[in-house]
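In: Let's see this in three dimensions:
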Amino acid sequence: MKRTVIALLLSLPAAAMATATVHEKVLDNGLKVLVKRDDRAPIVTSQVWYKVGSSYEHGGLTGVSHVLEHMMFKGTDKLAPGEFSRIIAENGGDENAFTGRDYTAYFQTMAADRLPVSFELEADRMRRLSLPADEFAKELEVVKEERRLRTDDDPESLTFEQFNATAYEASPYRIPVIGWQSDLDALDVDDLRAWYRKWYAPNNATLVVVGDVQPEQVFSLAEKYFGPLAPEEISATKPRRDPPQRGEKRLVVKAPAKEPYVLIGYKAPSAGDAAEDWEPYALEMLVSVLDGGSSSRLARDLVRAQRVAASAGASYSAFSRLPGMVLLSGTPARGHGVGDVERALLEQVERLRAEPVSQDELARIRAQLIASKVYEEDSVFYQAMQLGQLETVGLGWELEDQYVERLSAVTPAQIQAVARKYLIPDHRTVARLDPLPMGGDGEHSASTYPDYPPELPGETVRVD
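Out: Here you go, the predicted model:
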């Protein structure tokens, strides 16, 4: 029975994706338009992805991409501050934006017949943002408060920020998306104006539309609203790649916190620069073996069986512009210290290096991953997000159709091979959070920001 269910899951995505064709057109000004029809509900998601994020920034100007994201809602030559959001709401739509390491994206989800409203508004602010100095001054203070709530007063986020700054040397992934406080203090509206002129152009953007639409009608609307916009001369970015790591790095972060915390990272390739094209998918399967649900190894062994950890997790993203890391983390259970959790996590790493994952365990993990992929196809937002992310980081949207097939082809030997190649001590960085006494009522400020859209690693979502 179990094999029948797994076989059904393996066959379902291929059949589903075969009927969901992505249509592509590049306008004369360089704007790439991707359209995927999904007529299960009379709605549409429209997303504009710009190839700019914190990994494009440099010292002295960090956080500028995220601040500009906030200012995109503060008026154009035609619209007053806040009017963009008001018009979307009046048309029954939902809208927001998010900034990551490799991109900044803006989206609206509306009734399908309201798509022209979305296009007209997005085209207007792509090249005609007003960036008034008084609105900038107010919004900069909002971002500074966001940094305080989401990083400075959140001990795990603060540890993650310090961890990245230590683990990466030359890579711009060492830059926090929200920016360093000193750079935010020095940021001025002219910095934003220059950043906007340089990156916010049709030839540096991808327009993704998924929903109850006809591709040719979408292309016609894109030509009408975005076609007249002038392109920008955009030079290629410098590589800024990390040199080889030549030994383990360790750091301790001291901050007010209730519990200690440990974060372990191993340098690993992305799908765009792996030595073998199967390696990133083997790394994704490896992470799923560790943290692929309640029956995965970290939850089963560290949390329930050994009771050494109150929580433990692992993560990795194959789809990034530059090489990233395999991350493991945990907090100790009562009666255990952070050193116990670190040792338990490293024992799990050594187990992956020493012995292949069993076929039964791999089949279960694969079935869970594929089922998750199938469920994501129920959301027009996530369908558009997958296409936009792949295209914007330079991997190409076509990889979306190959994802399940490549995961399905991963073998136990390949998982063991990437564990032995990449999960080695000399490529490891370890950060420990050393709790200081809590102040006041014993609580620290927790983020109250909404979780929609769900954040990818390293992303910052705009909040009003």
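
In: Buried residues of the helix or strand hosting Ile87, list them for me.
Out: Taking DSSP states H and E as the definition, Ile87 sits inside helix 83-90. Neighbour-count burial for helix 83-90, with 16 or more other CB atoms under 10 Å as criterion, is recorded at 84-85, 87-88. C-beta: built from backbone N, CA, C; applies to glycine.

In: repeat for stretch 160-179
Out: Neighbour-count burial for stretch 160-179 flags 160-164, 166-168, 171-179 (criterion: 16+ other CB under 10 Å).

In: Check stretch 128-138 too.
Out: Neighbour-count burial for stretch 128-138 flags 129, 131, 135-136 (criterion: 16+ other CB under 10 Å).

In: Could you tell me the end-to-end distance of it?
Out: Across stretch 128-138, the terminal residues are separated by 20 Å (CA to CA, to the nearest Å).

In: Rounded mean pLDDT for that stretch, please.
Out: In this model, stretch 128-138 has an average pLDDT of 98.

In: which residues sit against stretch 54-69?
Out: Under the contact criterion CB atoms under 8 Å, 6 or more residues apart in numbering, stretch 54-69 has outside partners 52-53, 97-102, 104, 106, 136, 139-140, 143, 171-173, 175-180, 183-184, 186-187, 191-192, 195-196, 199-200, 237, 240, 321-322, 458, 460, 462.

In: Give me the subset of those residues lying in helices.
Out: Per DSSP state H, helices hold the following members of those: 136, 139-140, 143, 183-184, 186, 191-192, 195-196, 199.

In: still on that earlier bit, ok, so of the buried residues of stretch 128-138, who is nearest Pro256?
Out: Set against Pro256, the nearest of those by CB to CB is Phe136 (32.0 Å).

In: That closest one contacts Met71, correct?
Out: Yes. Using CB atoms under 8 Å, Phe136 is in contact with Met71, at 6.3 Å.

In: Which neighbours do those two have in common?
Out: Residues within reach of Phe136 and of Met71 at once, by CB under 8 Å, 6+ apart, are Leu192.

In: Mind jotting down where the strands sit in the stretch 151-300 of the chain?
Out: Taking DSSP state E, counting those that start in this stretch, the strands of the stretch 151-300 of the chain run over residues 205-211, 249-256, 261-268.

In: Domain boundaries for this structure, per the record?
Out: When the chain is parsed with automatic domain parsing, its domains come out as 19-239, 249-444.

In: Please enumerate residues in contact with stretch 396-411?
Out: Counting by CB under 8 Å, 6+ apart, residues outside stretch 396-411 touching it are 10, 13-14, 17, 22, 24, 34, 271, 277-278, 281-282, 284-285, 319, 362, 366, 369-370, 373, 386-388, 390-391.

In: picking that back up, for the strands of the stretch 151-300 of the chain, which one ends up most surrounded?
Out: Per residue and on average, the most neighbours among the strands of the stretch 151-300 of the chain fall to strand 205-211, with a mean of 27 (mean count of other CB atoms under 10 Å).

In: where are the low-confidence patches of the protein?
Out: 1-19, 440-464 (pLDDT under 70).

In: quick one: terminal-to-terminal distance for stretch 67-81?
Out: So stretch 67-81: terminal residues 15 Å apart, CA to CA.

In: Give the buried residues for that stretch.
Out: Buried residues in stretch 67-81, counted by 16+ other CB under 10 Å: 67-76, 79, 81.

In: Take those and keep only those in helices.
Out: Residues of these located in helices (DSSP H): 67-71.

In: circling back to that earlier point, show me which pair in the buried residues of stretch 67-81 is furthest apart.
Out: Within the buried residues of stretch 67-81, Val67 and Leu79 form the most distant pair, 19.2 Å apart (CB to CB).

In: Using PDB, write out the CA atom coordinates for the helix or strand hosting Arg364.
Out: In this structure, Arg364 sits in helix 359-376 according to DSSP H and E. Taking Å, rounded to 0.1, in the frame of the first residue of the first chain, the C-alpha atoms of helix 359-376 are listed here in PDB:
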ATOM      1  CA  GLN A 359      15.800   3.300   0.600                       C
ATOM      2  CA  ASP A 360      12.600   3.200   2.800                       C
ATOM      3  CA  GLU A 361      13.600   6.400   4.600                       C
ATOM      4  CA  LEU A 362      14.500   8.100   1.300                       C
ATOM      5  CA  ALA A 363      11.200   7.000  -0.300                       C
ATOM      6  CA  ARG A 364       9.200   8.500   2.600                       C
ATOM      7  CA  ILE A 365      11.100  11.800   2.500                       C
ATOM      8  CA  ARG A 366      10.700  12.000  -1.300                       C
ATOM      9  CA  ALA A 367       7.000  11.400  -1.100                       C
ATOM     10  CA  GLN A 368       6.600  14.200   1.500                       C
ATOM     11  CA  LEU A 369       8.600  16.600  -0.700                       C
ATOM     12  CA  ILE A 370       6.600  15.800  -3.700                       C
ATOM     13  CA  ALA A 371       3.300  16.000  -1.900                       C
ATOM     14  CA  SER A 372       4.300  19.500  -0.600                       C
ATOM     15  CA  LYS A 373       5.100  20.500  -4.200                       C
ATOM     16  CA  VAL A 374       1.700  19.300  -5.300                       C
ATOM     17  CA  TYR A 375      -0.100  21.300  -2.600                       C
ATOM     18  CA  GLU A 376       1.900  24.400  -3.500                       C
END
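
In: In a strand, Ser329, correct?
Out: Yes. Using DSSP: H, G, I helix; E, B strand; the rest coil, the secondary structure at Ser329 is a strand.

In: ok, the nearest residue to it once chain neighbours are set aside to Leu327 distance?
Out: The shortest distance from Ser329 to any non-neighbouring residue, by CB to CB, 6 or more residues apart in numbering, is to Leu263 (4.7 Å). As judged by CB to CB, to the nearest Å, Leu263 and Leu327 stand 7 Å apart.

In: Next: Arg148.
Out: 24 Å.

In: more crowded one of the two?
Out: Leu327 (22 against 13; other CB atoms under 10 Å).

In: is it true that the more buried one touches Asp291?
Out: No. Contact criterion CB under 8 Å: Leu327 and Asp291 do not qualify, at 9.9 Å.
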